[in-house]
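>>> Here is a sequence together with a model predicted from it:
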Amino acid sequence: MFEAVAFYLFAFLTISMFYIAVTTSQALYALSALAAGMIFISAFFFILGADFLGAVQIVVYSGAVMALYAFGMMFFDTTRDVKEKQGNKAIVIGLSVISAVLVVLIVSAPIIGSNIEAFYPVTEGAGNVQEVGMVLFTKYLVPFEVAAVMLLVAMIAGIVLAGKKMDLSLTLMNEQEILEMREESKSKKVLP
Amino acid sequence: MEIGLNHYLVLSTILFAIGLVGVMRRKNLLMLFFATEILLNSVNISFAAISHYYGDLTGQMFAFFVIAIAASEVAVGLGLLIVWHKKHNNIDLDSMSTMRG
């Protein structure tokens, strides 16, 4: 009973938050709604007994990713309304629902079709964090290391890309200087 | 009422559809990134649910790697967006059609 109430409550909250994040024209509203939705999603992980995954979801998404977006938005003009594509809404929504159903069917068809056996079964008497540690550092050690290298590469790429011309500030420069800087960078052809 | 695997899969489908609507109707690249986060999160829910209902930890492991990939995607993507915004003063998709040929 408790599980059902929690599931429906958080399902409603998550769907409404993500709906706001997708439809609003204010970038700040979208950011806050997305952060709230991420926290509500971690509730599902706690209901499902994946405690460590829920904690990681809160720390990584609401902490790191949202803070990164918030810092990134300081560079952009977020006060003006976001323009949107003018398209046929019925086609867009219909295509989205059809493709989402297709994805879930493709993923879940082999599970429903055959009675699968657990590849790495849950150990009796061990907490979720213990189990995750045991599987992650034995069976998934190589992917774990590769993911660590990938995060390092992403960090270096972020520093190199965003750190260019950090000594220049668009808000402190006047129009003439900004135009000169843009012309100069266009002639260099580093990025198109 | 018992909550089964199908409930979670339906919820995941709904969230995935919301994310896809976002990807299709947004023009601003920052909003497009938000929509991709929604897509990744909806898949994470179904991974965790399948992991729980089959007593298997593989789903949770995949969810961890999806989270790691999402974090690195945000880092690189925001770096590229900042570079683009400094050069062109907007982050609309329409301004990025220079490779049309």
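Sure, I can see it.
>>> Just confirm yes or no for stretch B:14-26 near chain A.
Yes. Interface with chain A: stretch B:14-26 contributes B:Ile14, B:Leu15, B:Phe16, B:Ala17, B:Ile18, B:Gly19, B:Leu20, B:Val21, B:Gly22, B:Met24, B:Arg25, B:Arg26 (Cβ under 8 Å from any Cβ of the partner chain). Backbone N, C-alpha and C define where each C-beta goes, glycine included.
>>> Could you report the neighbour count for the closest residue to B:Leu5 other than its chain neighbours?
Counting by Cβ to Cβ, 6 or more residues apart in numbering or on different chains, B:Leu5 lies nearest to B:Tyr53, which is 4.4 Å off, once chain neighbours are set aside. By other Cβ atoms under 10 Å in any protein chain shown, the residues close to B:Tyr53 number 16.
>>> so B:Tyr53 touches B:Gly4, yeah?
Yes. Between B:Tyr53 and B:Gly4 a contact is recorded at 7.4 Å, counting by Cβ atoms under 8 Å.
>>> where exactly do the helices run in the chain?
Went with chain A since none was named. Listed in chain order, the helices of chain A (DSSP state H) span residues A:2-23, A:27-47, A:51-57, A:66-73, A:89-113, A:128-136, A:141-162, A:175-188.
>>> try again with chain B
Under DSSP H, chain B gives helices at B:5-25, B:29-53, B:58-88.
>>> okay, the angle between the longest one and helix A:66-73?
Angle between the axes of helix B:58-88 and helix A:66-73 is 10 degrees (criterion: axes from the mean of the first three to the mean of the last three Cα atoms, to 10 degrees).
>>> can you check the shortest one too?
Here helix B:5-25 runs at 10 degrees with respect to helix A:66-73, directions being taken by the same axes, to 10 degrees.
>>> What is helix B:5-25 packed up against?
For helix B:5-25, the helices and strands in contact under the criterion 3 or more Cβ pairs under 8 Å, 6 or more residues apart in numbering or on different chains; DSSP states H and E are helix A:2-23, helix A:89-113, helix B:29-53.
>>> wait, what's in contact with the nearest residue to A:Phe75 once chain neighbours are set aside?
The shortest distance from A:Phe75 to any non-neighbouring residue, by Cβ to Cβ, 6+ apart, is to B:Ile82 (5.1 Å). Contacts for B:Ile82 (Cβ atoms under 8 Å, 6 or more residues apart in numbering or on different chains) come out as A:Gly72, A:Phe75, A:Leu161, A:Ala162.
>>> Nearest to chain B among the residues you listed?
Ranked by distance to chain B (Cβ to the nearest Cβ), those are led by A:Leu161 at 3.0 Å.
>>> Give me the spatial nearest neighbour of the closest one, chain neighbours excluded.
B:Gly79 (3.0 Å).
>>> surely the one you found meets A:Ile156?
No. With contacts counted by Cβ under 8 Å, B:Gly79 stays clear of A:Ile156, the gap being 10.1 Å.
>>> gap between A:Thr24 and B:Ala48?
28 Å (Cβ to Cβ, to the nearest Å).
>>> returning to that earlier point: how about CSV for the helices of chain B, with mean pLDDT and distance to A:Ile93 added?
Listed next are the helices of chain B as CSV, based on pLDDT from 0 to 100; distance: least, Cβ to Cβ, whole Å:
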stretch, mean pLDDT, distance to A:Ile93
helix B:5-25, 87, 6
helix B:29-53, 90, 14
helix B:58-88, 87, 25
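>>> Tell me which of those helices sits nearest to A:Ala35.
Closest to A:Ala35 of these, according to Cβ to Cβ: helix B:29-53, at 10.1 Å.
>>> Off-centre distance for the closest one?
6 Å (Cα atoms, centre = their mean, to the nearest Å).
>>> which helices and strands sit right next to it?
Helix B:29-53 packs on helix A:2-23, helix A:27-47, helix A:51-57, helix A:66-73, helix A:89-113, helix B:5-25, helix B:58-88, going by 3+ Cβ pairs under 8 Å, 6+ apart.
>>> go again using 7 Å as the cut-off
For helix B:29-53, the elements it packs on are helix A:2-23, helix A:27-47, helix B:5-25, helix B:58-88, judged by 3 or more Cβ pairs under 7 Å, 6 or more residues apart in numbering or on different chains; DSSP states H and E.
>>> quick one: low-confidence ranges for chain A?
Across chain A, the ranges flagged by pLDDT under 70 are A:77-87, A:110-120, A:122-125, A:165-171, A:185-192.
>>> can you list the helices of chain B in TSV and add distance to A:Phe44?
Below are the helices of chain B laid out as TSV (distance: least, Cβ to Cβ, whole Å):
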stretch	distance to A:Phe44
helix B:5-25	7
helix B:29-53	6
helix B:58-88	11
